[in-house]
Structures are given as C-alpha cells and as structure tokens.
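*Asks:* Just need the structure, nothing else, for what follows:
(one chain, ligands or ions: 1)
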Amino acid sequence: MAYELFYWPTIQGRGEFVRLALEEAGADYVDVARGPGGMQIMLALLADPALTEPPFAPPFLRSNGLIVAQTANILDYLGTRHQLAPREESLRRWTLQLQLTVTDLLVEVHDTHHPIAASLYYEDQKPEAARRSADFVRNRLPKFLEYFERVLQTNPAGPHHLVGDQLSYVDLSLFQVLEGTRYAFPRALEQLAGSCPRLTALRDAVAARPRIAAYLASPRRLPFNQQGLFRRYPELDPA
Ligand SMILES: N[C@@H](CCC(=O)N[C@@H](CS)C(=O)NCC(=O)O)C(=O)O
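*Replies:* Next up, the predicted model:
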C-alpha cells in the first residue's frame with residue numbers, strides 16, 4: 001500500500017525532508033494535499049475527533065493505518081524500513097540525534113523571517129527579523145554548519161556520510177539545509193562554504209544520486225518560494 005504524505009501543497013517546507021527520503025527509497029507514495037480534494041482531507045484528519053493519537057501539524061505520514069508525525073520521527077520510521085538508517089541501535093540513535101539538531105536549526109531559520117509570530121506577516125515584524133537574522137548569520141548558522149562539518153570530519157567510517165559509511169536520511173536532510181540556505185542566505189553561505197568543504201561535497205554527492213537527480217528535475221520538486229521555511233529577503237542577507 002502506498003504511503004500517504006500529508007503536507008502543505010505549495011511549499012517545500014518540512015515536508016521536503018520527508019519527500020527526499022521517500023524519493024531516495026523509491027517508495028510508492030502519494031502527496032495527498034497536492035491532489036484533488038487533498039487539502040480538505042488533510043485538514044479533516046488534523047481536526048478528526050475520532051483520532052486518539054492526532055498529529056499536531058504537518059508533515060505527517062499515513063502507512064497501513066498508522067499515522068506518524070514530527071519530521072524527525074517520520075524519517076526514523078522510514079529510515080528503518082528503507083535502509084536509510086543504520087541497523088545498529090547506537091548509530092540509529094546518533095542519526096536521530098543529528099536529525100533533531102536539524103529540527104532545531106529549522107526553527108531558527110523560520111524565526112529569521114518570523115521572530116515575533118508565525119501568524120503575523122513578515123512586513124509586520126521587519127525590524128525584529130533584521131535583528132534576528134543578523135545574529136543568525138553571524139553566530140548561529142556558522143555554529144550549526146561547523147558542527148555538521150565536524151561530524152563529517154570525525155566520522156570513523158570516513159567523511160562521505162554523517163553516520164557510518166552508507167547514505168542515511170540525515171545526509172539527505174543536510175543536502176536540503178544547504179540548498180535552502182543557499183536560497184535564503186546566498187551571501188552568508190558563500191562566506192561559510194570555505195570552512196565546510198565536506199558538507200559541500202556531501203550536498204553535491206546527494207544531488208548526483210540518480211533518484212534524487214530525477215526528483216529534482218521533476219515537477220514533484222516544488223521551487224523555493226516566499227511562503228516556505230527558507231525565504232529570500234535580500235535585506236536579511238547583507239553583503
Ligand atoms: N516539530 C515539527 C514542526 C511541524 C511544523 O512546524 N509544521 C508547520 C509547517 S512546516 C505547520 O504547519 N505548523 C502549524 C502550527 O504550528 O500551528 C516537525 O519537525 O515536523
């Protein structure tokens with residue numbers, strides 16, 4: 001039975017981390033909210049009083065009657081089923097730990113353009129966004145990227161993957177983080193790229209994987225835009 005992915009239909013957002021894993025796995029899946037009537041189905045599920053384990057927010061995945069939410073949790077679930085996570089328990093925890101660090105980073109990315117409230121427009125919080133982004137670009141983004149670079153450098157199995165010597169879902173996620181950062185903060189990323197050569201190589205290697213390359217070239221891959229998690233406001237990425 002096909003996986004059903006539930007996510008906002010017009011943005012990459014957090015759903016993209018799940019899409020990349022499903023695509024790399026060659027899994028049979030339906031991006032429900034992008035199909036006819038799909039948004040209503042997703043909203044009805046979120047509000048369904050009959051669900052005793054309801055998801056709080058998209059993305060969530062339905063598989064054989066099970067609903068799995070929280071991006072990192074979904075990836076852990078898919079990783080185990082599709083050889084996108086190590087078999088060894090300690091390495092599986094390490095992979096999830098890294099993915100949860102990606103989760104933390106994504107909250108901070110979101111807060112660069114919505115530091116006060118997600119319910120307000122960017123235009124209503126521009127001065128705060130400028131202050132928040134300045135700190136993000138100067139301190140937080142380098143700290144996160146240098147951390148992941150260090151993880152690659154110290155991986156006992158070599159610098160080609162974050163965990164072990166096989167591709168895992170967190171490699172796919174780091175690809176997405178770098179692509180999103182390149183879209184939202186191109187100047188900041190260019191300055192940091194020199195200190196993150198292994199991460200850059202990982203991003204390129206993921207992009208070249210046959211299933212990922214086919215996905216990126218397909219209409220299934222939505223373009224980055226100004227509604228998503230990674231947004232390009234040049235004033236937040238000063239020279
Ligand atoms: N921690 C959750 C965050 C989920 C989340 O923030 N989803 C966003 C879209 S990317 C959403 O629809 N949020 C609605 C809300 O928070 O009310 C995850 O990693 O999946």
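*Asks:* Tell me how many other residues surround residue 30.
*Replies:* 14 (other C-beta atoms under 10 Å). Placement of C-beta: from N, CA and C, glycine included.
*Asks:* how much space between it and residue 22?
*Replies:* Plainly put, residue 30 is 10 Å away from residue 22 if you go by C-beta to C-beta, to the nearest Å.
*Asks:* shared neighbours of the two, which are they?
*Replies:* By C-beta atoms under 8 Å, 6 or more residues apart in numbering, residue 30 and residue 22 have these common neighbours: 3, 5.
*Asks:* distance of residue 125 from the ligand?
*Replies:* Using C-beta to the nearest ligand atom, to the nearest Å, we find residue 125 at a distance of 17 Å from the ligand.
*Asks:* Next: residue 172.
*Replies:* Counting by C-beta to the nearest ligand atom, the gap from residue 172 to the ligand is 15 Å.
*Asks:* any idea which element that residue lies in?
*Replies:* Taking DSSP states H and E as the definition, one finds residue 172 inside helix 169-184.
*Asks:* Going by contacts, tell me the helices and strands next to whichever helix or strand comes after that helix.
*Replies:* Per DSSP H and E, the first helix or strand lying C-terminal to helix 169-184 is helix 186-193. Here helix 186-193 touches helix 141-154, helix 169-184, going by 3 or more C-beta pairs under 8 Å, 6 or more residues apart in numbering; DSSP states H and E.
*Asks:* Checking residue 67 next. Helix, strand or coil?
*Replies:* strand (DSSP: H, G, I helix; E, B strand; the rest coil).
*Asks:* Count the residues that sit near it.
*Replies:* 16.
*Asks:* my read: it touches residue 59, true?
*Replies:* No. Residue 67 is not in contact with residue 59 according to C-beta atoms under 8 Å; the separation is 11.1 Å.
*Asks:* Give the phi and psi angles for residue 162, as a check.
*Replies:* phi -70, psi -30 (degrees, to the nearest 10).
*Asks:* scratch that, residue 6
*Replies:* Backbone dihedrals for residue 6, given as degrees, to the nearest 10, come out at phi -110, psi 120.
*Asks:* Please list all residues in contact with it.
*Replies:* The neighbours of residue 6, taking C-beta under 8 Å, 6+ apart as the test, are 32-33, 41-42, 45, 55, 58-62.
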